[in-house]
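Trainee: Let me see the structure of the following:
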Amino acid sequence: MRWWAALEILNPILEAGKGLVDEIEAYLIEGWSVSAELKRDVVSKSIKSHHYGLSIRCIKGGRIGTSSTSNPADWKKCLLASIASAKMATSQVWSGLPDPRPLHGPPLAFDSSLEPEPGAVQDILQGMLEGASRHPVSVTSGGATISLDTITLANSHGVLYSRPQSLVSASLETIRETSTGYEFNSSCSRDFDPSAIGDRAGFLSSASVNGKEIRTGAYDVVLSPLAFAQLLSAVVVPALSGRNVHAGRSRLAGSLGRQVTDSRISVIDEPLRRGGAGSTRWDAEGTPTRRLPLIHEGILESFAYDLKTAYRYGAMTTGSAVRSGSGGLPAIGYHNLVIEGAGADLMEEPSLYVQDVVGAHTANPLSGDFSVELTNPFMVSGGTYEFPVRKAMMSGNVFEMLREIAGLGNDQRVIGSLLIPSIKLKKQQIIGK
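Mentor: Numbering: from 1, shown residues only. Here you go, the predicted model:
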């Protein structure tokens, strides 16, 4: 959908809202996607779909109301529901929706060569199957999706922004005896190798067979980008939200200007990164985005804010509003949260390598305490996997473990909204035999 076609839906909404509310905002997503799923090594389902998402936000007297629908033809009902929601909301300090700004430039997260066709996703599936066939494993499931969206935002101040967005994702799970392996990848372009996904999933399950017991004790640990991302997302990422800081739900409250991690770690949101899956020149509320250093060489420099939180607490929005799914409402989030630091090969010295963890969501986001089960752990040394570990758990505190690390890896990869490397931690408590 081009912006002029989106106006046929959005203009009537803005016109109908005039006189009824102080301000109105409409956010529209239209897109096509095609997906296919594997059941064992056979394509069991292939679906092509055309989807919409419309979200309307109304503000009157500092009262904010929202409503959404997957059918733009129902915009009148959606508008009335948003107005009714505003009437029931608690009034807050509100200084207005953004005014329009000249935000020009080529798309940052879009590949025009992509075609959402069944043949394209089936080629990805075949590539993953070929990679998995290099190992003595069976495929249990897998899937691939290609989607192309157009996102348009308009408000009663004259904002009218539109951008195309693309996404390619793929995943595969394998099994050998009772050991499983899972791998995935995603990008705004078809710039990853599907066979590498299958190869890694096959390796993890085949190499994990006949794991050995290890004794309970302190070990140097290497967390893969996936395992690191899970713990970081459960504890540190929420602590960087201005909303959590002011609500008393962040361990980092009151720590601006202080060292909160090892000096080798920097955390930056980079919404203008070309080719980043979350890249955009404007956030989900129409605020221009910018590079946002949150932690620089261990020093806490900033928290993230959307309009609602910034107005409530007398701060400035950082252009950090995002929306989840079609028709999602704006909330504080991150576009491309990059974990930076000098990279190195972390598997040379004896360590326990952890591919994945189970239970990161149970970590205490305020204290940082966690206890997780390790998935596909291996003892490593000399740059190789020495032997699989049968079963183990890891416990500790995320904030404390990040204050003194042994290094970051040179294997940075995309996990959700994170661009993150592996990390090596000193003397972590492992519960084994």
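Trainee: Buried by neighbour count: which residues of stretch 311-328 qualify?
Mentor: Residues 311, 317-323, 326-328 are the ones in stretch 311-328 that count as buried (16 or more other Cβ atoms under 10 Å). Just so you know, the C-beta spots here come from the backbone N, C-alpha and C atoms, and that holds for glycine as well.
Trainee: Show the backbone phi and psi for the nearest residue to Glu400 once chain neighbours are set aside.
Mentor: With Cβ to Cβ, 6 or more residues apart in numbering as the criterion, Glu400 has its nearest non-adjacent residue at 6.9 Å, and that residue is Gly368. Main-chain torsions, Gly368, degrees, to the nearest 10: phi 90, psi 0.
Trainee: if I pick Gly368, what's in contact with it?
Mentor: By Cβ atoms under 8 Å, 6 or more residues apart in numbering, Gly368 lies in contact with 235, 251, 397-400.
Trainee: Downstream of the worst-scoring helix or strand of the chain on mean pLDDT, the next helix or strand is which one?
Mentor: Sorting the helices and strands of the chain by mean pLDDT, DSSP states H and E puts helix 3-17 at the bottom, at a mean of 85. Next helix or strand after helix 3-17 toward the C-terminus (DSSP states H and E): strand 23-39.
Trainee: In the sheet, which strands lie alongside the helix or strand that that next one is followed by, parallel or antiparallel?
Mentor: Note on strand 23-39: by DSSP H and E, the next helix or strand toward the C-terminus is strand 42-60. Sheet pairing of strand 42-60 (DSSP bridges) gives strand 23-39 (antiparallel), strand 63-69 (antiparallel).
Trainee: Nearest to Tyr219, out of the ones you listed?
Mentor: When these are compared by Cβ to Cβ, strand 23-39 sits nearest Tyr219, at 36.1 Å.
Trainee: then that closest one to CSV, C-alphas only?
Mentor: Extracted in CSV, the C-alpha atoms of strand 23-39 (Å, rounded to 0.1, in the frame of the first residue of the first chain):
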residue,chain,number,x,y,z
GLU,A,23,-5.8,15.1,19.1
ILE,A,24,-6.0,11.9,17.1
GLU,A,25,-3.4,9.5,15.7
ALA,A,26,-3.9,6.6,13.3
TYR,A,27,-1.4,3.9,12.7
LEU,A,28,-2.0,1.5,9.8
ILE,A,29,-0.1,-1.7,8.7
GLU,A,30,-0.9,-3.5,5.5
GLY,A,31,1.2,-6.4,4.3
TRP,A,32,1.5,-9.7,2.5
SER,A,33,3.2,-12.8,4.0
VAL,A,34,3.9,-16.3,2.9
SER,A,35,4.9,-19.1,5.3
ALA,A,36,5.6,-22.8,5.2
GLU,A,37,6.0,-25.3,8.0
LEU,A,38,7.8,-28.7,8.2
LYS,A,39,6.5,-31.7,10.0
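Trainee: just to revisit the earlier point, okay, the residue nearest to Glu400: pLDDT?
Mentor: Gly368 carries a pLDDT value of 97.
Trainee: I'd like to know which of the buried residues of stretch 311-328 are part of helices.
Mentor: Judged by DSSP state H, helices contain the following of the buried residues of stretch 311-328: Tyr311.
Trainee: could I get the buried residues of stretch 311-328 as JSON lines with pLDDT and distance to Gln126?
Mentor: Shown next, in JSON lines, are the buried residues of stretch 311-328 (pLDDT from 0 to 100; distance: Cβ to Cβ, whole Å):
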{"residue": "Tyr311", "pLDDT": "97", "distance to Gln126": "52"}
{"residue": "Thr317", "pLDDT": "98", "distance to Gln126": "46"}
{"residue": "Thr318", "pLDDT": "98", "distance to Gln126": "43"}
{"residue": "Gly319", "pLDDT": "98", "distance to Gln126": "41"}
{"residue": "Ser320", "pLDDT": "98", "distance to Gln126": "39"}
{"residue": "Ala321", "pLDDT": "98", "distance to Gln126": "39"}
{"residue": "Val322", "pLDDT": "97", "distance to Gln126": "34"}
{"residue": "Arg323", "pLDDT": "94", "distance to Gln126": "34"}
{"residue": "Ser326", "pLDDT": "65", "distance to Gln126": "29"}
{"residue": "Gly327", "pLDDT": "67", "distance to Gln126": "34"}
{"residue": "Gly328", "pLDDT": "76", "distance to Gln126": "33"}
